[in-house]
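> got a predicted structure here, sequence first:
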Amino acid sequence: MSEARRKAAPPPRRKKHWALRVLGWLAALLFLGIIASVAAFFVVYQTTKIPDPNKEFATNTTTVTFADQRNPLGSFFEQNRHTVPLAQIPKHVQDSVIAAEDRTFWTNPGISPSGMVRAAVNIARGEQLQGGSTITQQYVKIMYLTQERTVSRKLKELFIATKLGRQQDKSKTLEGYLNTIYFGQGAYGIAAAGDVYFKQPDPKKLSVQQAALLATVLNNPSLFDVTDSDPRTKQRIIERYKYVLDGMQQMGTITEAQEKQYANSLPSLKEMRKKSSRYKGPNGFLLDMARKELAQRGFDEDEITGGGLKVTTTFNYQQQNKMLKAAQNELPEKKNGLHVGMAAVQPGTGQLLAMYGGPDFLKSQLNWATTKARPGSSFKPFALAAALQDGKSLWNIYQGDSPITVQGQKFGNELSTDYGDVTLMKATEQSINTAFYDLVDNDMEDGPAKVVDAAEAAGIPASKTLEKDRSAPATVLGPDAYASPVDMANAYATFAAEGKYTPLHVIKEVRGPDGKVLWSDASVMKQQKQAFTPEIANLVNYALQNVVKKGTGTGAKDLDRAVAGKTGTAGGVAVEDRKENAACDGCKDGSATLTSWWTGYTPQESTSVLYRAGSTGESDLDPYSDDPAFFGGNWPLKTWLAFMKPALDGVPEANFNDPDKDQIKDTSTPTFTPPPSTPVNTPPPSTPPPSTPPPSTPPPSTPTKPTNTPTKTKPTRTTTTPVIPTLPTGEPTQPTDTPRSPGGGQ
């Protein structure tokens, strides 16, 4: 054997592990992807052309119409513009805006990737105090592009901004920006802003503090609205103002000592312009609501006032006029200090068809149709739905006598009436408080929480007030400010739509100046959900139709078509009596009717009417009525009828779907006996109990004044003392605390 053959064979080559091979391929693909992306960027960059500025920008008016797109509701054209060359804008004014919006303006390429990431993080945290766009990007968006909200438009903005940043002198970009950016209050550009806020149209005469405040506002004129009295808004303005001053100090525009000095206080504002007359009258509330929803849908203030948008609302022109007539004419003889809030919603769509918030938006911005109030017994349908979901029957028996003790507290019926043992159906018809307490607090595990769940599922907006009452015994009677007429109309519409909830909205469609649809309520319809099964909804509708047929809402039979609904009153202590009530240890508890409701609906329309009194809506309603109390079955129902009759005139009749026959078959044990002619805890015989007449005596077509006017007595005082604060007269807000005992019923 040769020497070569005797040599040992070399060891075999080891194969690479499969994971390493995969990583290698991924690295190669990533490298190729980077190369392709860079190449694509340069190709798109080279082919991108800087278009001519939008010459029509200065005259773009946003118009708002009713749903028919023919009848105008108003407009948001508030442009006030004075162009000045950059040479006439002093350095401290220029620097204030740069410190606020883009501190790397003079050095960046027109875009700021870090700023865009920071903005995304801020928005994810629920903040929006610093924008993600550079000054160049903002200028490009205003002057060169439409307001369409697409990814392609955003990418186009980035390429144009990059190219503009490289090809155009920065001073020219800044000059254009300072003369076009929106500062709120209808002011476009720094000169107009100085005039509006400080009565100083010459930018050269603006102080450092004034310039810093203007730079604060332009970031978001709605978020930093200097005319807003809300302390949270003021705090945001102060924080942003200090941020601007800090930037100016870092840029060397002002010294550290000046920064501390200026940060101590905001500059004084001159008297601002009054609200535009376009908001005059009751329809001003509609226009204001449309504007707020546009902002909620993501439209910037400059888009709303100068973007040339074509906004179609859900408001029906004919129905709005009919609602105004009903709300202004079908009222008690005594009207001074009386307030009506009304809202009509189309079931299954969430569209607000008509709304009455007050006689004149310019005189008072307190919208009685959107301000939350105590719903009283009109909250009972949610308890009914919750009980049916919990497996209860319309024929379960509950305590109808007054009072009832729950969690150590005593609660009673309206006028302390005794009804004996009653079915849930009877309790709903006659609005018997004690039976609903017995149902929710004694017969249902976590009953109040289930009522809250049902209310929110139907469309009552979640709130701190409602959430904190998840274990409160009186939740079933809506003792606190849970809902507004707009909320109630939409929540009852959920029952009318066989349990389908659709978010309420007032904007139907938004188009840009070019006619392209920027937003439509088709996206709202995608949020529709089955809040209750059709079986549950049909049972609720069946019970609430009986409220009309033989319960507290018999006046609604005058509509002469299938109708369901519920009355509601909430009692307490009138604002004028609260000081005295505190001094006398609650001697006036339950002495006043604070809210009175009727919410009624057909398969085609759901309308809610609320009456309140006094400048804050916390005064006693009872002096306005001859009834023992200002019951919902009287004036609220009359006003409702005055609207619904003409509103449904010519509309084909429609019936609610009948529940399963087995579910509406009376299976109750025959223990119910009608209340005695002279109950132990009721008023004297001359005072009729608040129940319907016997079948032999047909009810009146509308509630009428009793033959023998009864003494206005209130329910027996409960063991708890209401604490009801005064509602503010400005922007509608909820009371911070309200009574534990509702003190009302029907």
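On my side now, so go ahead. Numbers count the residues shown, from 1 in each chain.

> quick check: Ser559 touching Met644?
Just so we're on the same page, residue 559 is Leu rather than Ser. Yes. At 5.8 Å, Leu559 counts as touching Met644 under the criterion of C-beta atoms under 8 Å. Yep, even glycine has a C-beta here, placed from its N, CA and C like the rest.

> from Phe631, how far out is Thr595?
12 Å (C-beta to C-beta, to the nearest Å).

> intersection of neighbour lists for these two?
Thr569 (C-beta atoms under 8 Å, 6 or more residues apart in numbering).

> helix, strand or coil: sort out the nearest residue to Pro636 once chain neighbours are set aside for me.
Nearest residue to Pro636 in three dimensions, chain neighbours excluded: Trp598, at 3.8 Å (C-beta to C-beta, 6 or more residues apart in numbering). Following DSSP: H, G, I helix; E, B strand; the rest coil, the label given to Trp598 is strand.

> contacting residues around Trp598?
Trp598 touches 378, 553, 556, 565-568, 608-609, 632-633, 636-637, 639-640, counting by C-beta under 8 Å, 6+ apart.

> which parts of the stretch 501-650 of the chain are strands?
507-511, 517-520, 529-530, 564-572, 592-601, 606-613 (DSSP state E, counting those that start in this stretch).

> nearest to Lys363, out of those strands?
Of all the strands of the stretch 501-650 of the chain, strand 606-613 sits nearest to Lys363, with 16.8 Å by C-beta to C-beta.

> burial of the residue lying closest to Ser277 once chain neighbours are set aside, as a residue count?
The shortest distance from Ser277 to any non-neighbouring residue, by C-beta to C-beta, 6+ apart, is to Leu362 (7.4 Å). Leu362 has 14 neighbours, counted by other C-beta atoms under 10 Å.

> give me the pLDDT value at Leu362.
Leu362 is assigned a predicted lDDT (pLDDT) of 88.

> surely it touches Gly284?
Yes. Here Leu362 reaches Gly284: they are 6.4 Å apart, a contact under C-beta under 8 Å.

> Ala454 sits in which helix or strand?
helix 447-458 (DSSP states H and E).

> run the chain-centre distance for that helix.
19 Å (C-alpha atoms, centre = their mean, to the nearest Å).

> now that helix: buried residues?
Gly447, Pro448, Ala449, Lys450, Val451, Val452, Asp453, Ala454, Ala455, Glu456, Ala457, Ala458 (16 or more other C-beta atoms under 10 Å).

> quick one: list the elements packing against it.
helix 380-389, helix 464-467, helix 485-496 (3 or more C-beta pairs under 8 Å, 6 or more residues apart in numbering; DSSP states H and E).

> just for the stretch 501-650 of the chain, where's the confidence low?
For the stretch 501-650 of the chain, applying pLDDT under 70 flags no range at all.

> one step back: which other residues reach the helix holding Ala454?
Contacts of helix 447-458 (C-beta under 8 Å, 6+ apart): 379, 382-383, 385-386, 389-390, 439-441, 444, 462, 466-467, 469-473, 475-476, 482-483, 491-492, 494-495, 501, 531-532.

> so for stretch 482-492, mean pLDDT?
Rounded mean pLDDT across stretch 482-492 is 98.

> now that stretch: buried residues?
Tyr482, Ala483, Ser484, Pro485, Val486, Asp487, Met488, Ala489, Asn490, Ala491, Tyr492.

> ditto for stretch 494-513
So stretch 494-513, judged by 16+ other C-beta under 10 Å, has buried residues 494-502, 504-513.

> so what's the gap between it and the chain middle?
13 Å.

> and the end-to-end length of that stretch?
36 Å (C-alpha to C-alpha, to the nearest Å).

> please shift the residue numbers so they start at 101 in all later answers.
Let's use 101 as the start, then, which means that last one is stretch 594-613.

> where along the stretch 301-450 of the chain do the helices fall?
Using DSSP state H, counting those that start in this stretch, the helices of the stretch 301-450 of the chain run over 308-318, 331-350, 356-363, 384-396, 401-406, 417-429.

> save those as JSON lines, and put in mean neighbour count too.
Formatted as JSON lines, the helices of the stretch 301-450 of the chain follow (neighbours: other C-beta atoms under 10 Å):
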{"stretch": "helix 308-318", "mean neighbour count": "26"}
{"stretch": "helix 331-350", "mean neighbour count": "17"}
{"stretch": "helix 356-363", "mean neighbour count": "15"}
{"stretch": "helix 384-396", "mean neighbour count": "21"}
{"stretch": "helix 401-406", "mean neighbour count": "24"}
{"stretch": "helix 417-429", "mean neighbour count": "19"}
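
> re earlier: tell me the buried residues within the contacts of helix 547-558.
Buried, going by 16+ other C-beta under 10 Å: 479, 482-483, 485-486, 489-490, 539-541, 544, 566, 569, 572-573, 575-576, 582-583, 591-592, 594-595, 601, 631-632, out of the contacts of helix 547-558.

> got any ranges where the protein has weak pLDDT?
For the chain (pLDDT under 70), the answer is 101-118, 128, 131-160, 177-181, 212-232, 243-259, 261, 265-266, 372-376, 769-845.

> care to break it down by domain?
Taking automatic domain parsing as the domain assignment, the ranges for the chain are 179-375, 423-613+635-764.

> what's the span of stretch 405-418, first residue to last?
Termini of stretch 405-418 sit 27 Å apart (C-alpha to C-alpha).

> with stretch 447-461 instead?
27 Å.

> in it, which residues are buried?
For stretch 447-461, by 16+ other C-beta under 10 Å, it's 447-459, 461.

> among those, which two are most distant?
Farthest pair in the buried residues of stretch 447-461, by C-beta to C-beta: Gly448 and Pro459, 31.3 Å.

> circling back: narrow the buried residues of stretch 447-461 to those in strands?
Gln451, Leu452, Leu453, Ala454, Met455, Tyr456 (DSSP state E).

> can you tell me the closest non-neighbouring residue to the second one?
Pointing back at Leu452 there. Closest to Leu452 by C-beta to C-beta, 6+ apart is Val606, at 4.9 Å.

> got the contact list for stretch 739-757?
In contact with stretch 739-757 (C-beta under 8 Å, 6+ apart) are residues 419, 422-423, 425-427, 429-431, 440, 442, 444, 454, 596, 598, 634, 638, 641-642, 645, 655-656, 658-659, 661-662, 664, 698, 700, 702-705, 707, 709, 711, 802.

> that one: end-to-end distance?
By C-alpha to C-alpha, the extent of stretch 739-757 from end to end equals 27 Å.

> okay if I get the helices of the stretch 301-450 of the chain as CSV plus distance to Lys263?
Rendered in CSV, the data for the helices of the stretch 301-450 of the chain read as follows (distance: least, C-beta to C-beta, whole Å):
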stretch, distance to Lys263
helix 308-318, 25
helix 331-350, 27
helix 356-363, 36
helix 384-396, 31
helix 401-406, 23
helix 417-429, 47
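
> now do the contacts for the nearest residue to Thr528 once chain neighbours are set aside.
Nearest residue to Thr528 in three dimensions, chain neighbours excluded: Ala643, at 4.7 Å (C-beta to C-beta, 6+ apart). Contact analysis of Ala643 by C-beta under 8 Å, 6+ apart lists Pro481, Leu484, Leu494, Leu524, Met525, Thr528, Glu529.

> can you give me the angle the helix holding Ala554 makes with helix 585-596?
Angle between the axes of helix 547-558 and helix 585-596 is 90 degrees (criterion: axes from the mean of the first three to the mean of the last three C-alpha atoms, to 10 degrees).

> surely Tyr498 forms part of a helix?
No. Applying three-state DSSP, one finds Tyr498 to be strand, outside a helix.

> what about it, neighbour count?
24.
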